[in-house]
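Asks: pasted the sequence and its predicted model underneath.
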Protein chains: 2
Amino acid sequence: MDLNAYLDEVRGLVLDEIERIVPSDSRRNEDLYRLVLDYPLRKAKMLRPAIAVAVCRAMGGNLQAILPTAAVLELYHNAFLIHDDVEDGSLLRRDKPTLHQQHGVPIAVNVGDAMLALALGPLLDNMELLDLGRALRILEAVRRMAVESTEGQAMELAWVRTRTWDLDERDYLRMVHKKTSWYTFLTPMVVGGIAAGAGPDEIVRLRLLGSLMGSAFQIKDDLLNLEADEREYGKEIGGDLWEGKHTLMLIHFMRAAPPEDVARARRMLDTPREEKLEEDVLWLLARLGECGSMRHGAEFATTRALAAKKRLAGLSETLRPGVHRDFLGELMTYVVARDK
Amino acid sequence: MDLNAYLDEVRGLVLDEIERIVPSDSRRNEDLYRLVLDYPLRKAKMLRPAIAVAVCRAMGGNLQAILPTAAVLELYHNAFLIHDDVEDGSLLRRDKPTLHQQHGVPIAVNVGDAMLALALGPLLDNMELLDLGRALRILEAVRRMAVESTEGQAMELAWVRTRTWDLDERDYLRMVHKKTSWYTFLTPMVVGGIAAGAGPDEIVRLRLLGSLMGSAFQIKDDLLNLEADEREYGKEIGGDLWEGKHTLMLIHFMRAAPPEDVARARRMLDTPREEKLEEDVLWLLARLGECGSMRHGAEFATTRALAAKKRLAGLSETLRPGVHRDFLGELMTYVVARDK
């Protein structure tokens, strides 16, 4: 089972679908719609559409039933990325300058809004493509996803704004469940299931699977960011520490490290990015290793991924054996074993 | 017919509806949802919901059939305002600091996204409230509205970014039709009609009415901004000239004024806001009057409002006589006669 080949194949199909969704007949709006296609055309993995396609097909649904919805998930994801990049003041996205760096914040915010508006079209067209009940359930799933994502984003932004570090793992998991799992794993799995005609019990099982994978994925993402070699990863060393991002590793550190270390870390994290000293960032990075916070994060992610694997194995009646199910199995490994 | 009393009554109903839509049971998201209610709770006129309610009721529909959709229009409007304020770097909104001034750009962008996500809920609940066909037509109307609004916004932002002033009135009307008319008049009228059971022909007539009113409304808005007395209007004199906004008056000026005036105006408008000289702004403001651009704008808006009045008079079979129709008639006058 070649994970990347599977991703590449879905990516080609989803890009065609996105290009179909984005209006191309009007020369007047070509500037807007060229920018709508910008992030999707960069080297996106298109993980979310691939999960939706794999679940739908492993449950016996056909590709055409899920493809428009899969493209909608990618539009939402890229709209969130554009707005996140504005919110975080990020400079790079997929090895190129972020959209607001290239075209200014006004145009970037509006391009994100345009993608959210365009995403509604295929969800309404689903009424013709699928039966009405499935189309409405998918609409409801996407609505819930959008609400959960903004709630998760609000939780994290409030922690940054109020300099809150008095958090435990439950707080972290709740935030990641809303901010990451819901739209990266849970909804792709659920809409794949609905398109294939899954019943309520099966949907619940898919949600639990998606939730486990979402936390494993986010923790691994944050570990990679902290461990990154500047050259290979294309980002600065300790990037999230510069941004003061609330990772599981930092939350562990705040509870496990000696009080004087915690005090120094908080002072550094509360300092605006441009006033931070590199030696402070590198100190904290080293201390995260020495205090076992990095190891804790890695173990936590692996435990969640293994639990997801076990859960997937238990779903043999729901998800039929074959290439699509194999992709989901490979994905569980990839989530914690990847090196970028 | 007391226009303000009518607006106030609808405002009370719509605020109750918005408070019902916005989740209040979860203490964890109270920060987010307090901010979602912030702009609606300021002194909003809630023009859009009032138009939707008036059209629905004048066509024999009942209040409950349109109220959730009317609240959705107000949520969309306020989400766009929050994002517009970020995009324009605006300082004040409804006499208070803008949301991003108070809470930072990251939280403001996310609050706008949360409102767009919440707006989908009542549109899906319409499936229970109305018959399925009407609910789906309203969803489609709102989808189209969101697409048109971002396209109009993109047109204007591109003119600003590329310093384009070689425009005629058709360019302006096309931009305003998309950016203002579609979501301020056209969609409120159309969804009011759909909720009341209007047929396709009636919907087309409502759209034409909304389009005329939208352009009259926007031109009058821009005239007020330019004419404003600093004390009364709560804004700086010539505010739109500082921002370099593409108003009908400026577009007229660029075609009607002597070349040396046009050159000076373009130099001034292309200068970043903070580097503009007040004497240049006041010079251009005076020249807009002397070259007939202000009078041209006022006449243009009045002509459109009169055409809308005439069109409304011709719709006596569609919109029944009574308080709701009277409100729409008063509104046509108000659009161009208001002093703020």
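Replies: That came in fine, so what should we check first?
Asks: tell me which parts of the stretch 201-340 of chain A are close to chain B?
Replies: For the stretch 201-340 of chain A, no residues are found near chain B under the criterion Cβ under 8 Å from any Cβ of the partner chain. Where you see a C-beta, it was placed from the backbone N, CA and C, and this is true even at glycine.
Asks: give me the neighbour count for the closest residue to chain B within the stretch 201-340 of chain A.
Replies: Proximity of the stretch 201-340 of chain A to chain B (Cβ to the nearest Cβ) peaks at A:E243, 11.3 Å away. A count of neighbours around A:E243, defined by other Cβ atoms under 10 Å in any protein chain shown, yields 16.
Asks: pop out the phi and psi values for it.
Replies: When read as degrees, to the nearest 10, the backbone of A:E243 gives phi -80, psi -20.
Asks: what pLDDT does the model give it?
Replies: With respect to pLDDT, A:E243 scores 82.
Asks: now swap in A:D88 and tell me
Replies: 82.
Asks: doesn't B:G104 make contact with it?
Replies: No. The criterion here is Cβ atoms under 8 Å, and A:D88 misses it with B:G104 at 11.5 Å.
Asks: what's the helix or strand harbouring A:E128 packed up against?
Replies: Assessed by DSSP states H and E, A:E128 sits inside helix A:120-129. Applying 3 or more Cβ pairs under 8 Å, 6 or more residues apart in numbering or on different chains; DSSP states H and E, one finds that helix A:120-129 contacts helix A:3-21, helix A:63-88, helix A:132-161, helix B:132-161.
Asks: okay, the angle between that helix and helix A:3-21?
Replies: Orientation check (axes from the mean of the first three to the mean of the last three Cα atoms, to 10 degrees): helix A:120-129 against helix A:3-21 gives 90 degrees.
Asks: if we go by neighbour counts, what in helix A:120-129 is buried?
Replies: A:120-123, A:126-127, A:129 (16 or more other Cβ atoms under 10 Å in any protein chain shown).
Asks: mean confidence for it?
Replies: Regarding helix A:120-129, the rounded mean pLDDT is 96.
Asks: now do the helix or strand containing A:A52: distance to the chain's middle.
Replies: Per DSSP H and E: A:A52 is located in helix A:47-58. Relative to its parent chain, helix A:47-58 has a centroid offset of 15 Å by Cα atoms, centre = their mean, to the nearest Å.
Asks: try stretch A:255-268
Replies: The chain centroid and the centroid of stretch A:255-268 are separated by 29 Å under Cα atoms, centre = their mean.
Asks: then stretch A:264-272?
Replies: In terms of Cα atoms, centre = their mean, the centre of stretch A:264-272 is found 27 Å from the chain centre.
Asks: so for it, mean pLDDT?
Replies: Averaging the model's pLDDT scores along stretch A:264-272 yields 92.
Asks: other SSEs contacting whichever strand or helix holds A:V176?
Replies: Per DSSP H and E, A:V176 falls inside helix A:169-176. Secondary-structure packing of helix A:169-176 (3+ Cβ pairs under 8 Å, 6+ apart): helix A:132-161, helix A:200-227, helix A:248-256.
Asks: shaky segments in the stretch 1-150 of chain A?
Replies: Counting by pLDDT under 70, the ranges of the stretch 1-150 of chain A that qualify are A:25-28.
Asks: nearest the middle, which residue of chain A would you pick?
Replies: A:T184 (4.4 Å; Cα atoms, centre = their mean).
Asks: and A:A301, that one's in a helix?
Replies: Yes. Assigned with DSSP: H, G, I helix; E, B strand; the rest coil, A:A301 falls within a helix.
Asks: now the helix holding A:E128 against helix A:132-161, angle please.
Replies: Interaxial angle of helix A:120-129 relative to helix A:132-161 (the same axes, to 10 degrees): 160 degrees.
Asks: could you dump helix A:120-129 to PDB, C-alpha only?
Replies: What follows is helix A:120-129, C-alpha atoms only, in PDB (Å, rounded to 0.1, in the frame of the first residue of the first chain):
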ATOM      1  CA  LEU A 120     -21.900  26.000  -0.100                       C
ATOM      2  CA  GLY A 121     -22.600  25.300  -3.800                       C
ATOM      3  CA  PRO A 122     -21.600  21.600  -4.000                       C
ATOM      4  CA  LEU A 123     -23.400  20.900  -0.700                       C
ATOM      5  CA  LEU A 124     -26.600  22.200  -2.200                       C
ATOM      6  CA  ASP A 125     -25.900  20.300  -5.500                       C
ATOM      7  CA  ASN A 126     -25.700  17.100  -3.300                       C
ATOM      8  CA  MET A 127     -29.500  17.300  -3.200                       C
ATOM      9  CA  GLU A 128     -29.500  16.200  -6.900                       C
ATOM     10  CA  LEU A 129     -26.400  13.900  -6.600                       C
END
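Asks: thanks a lot, see you next time.
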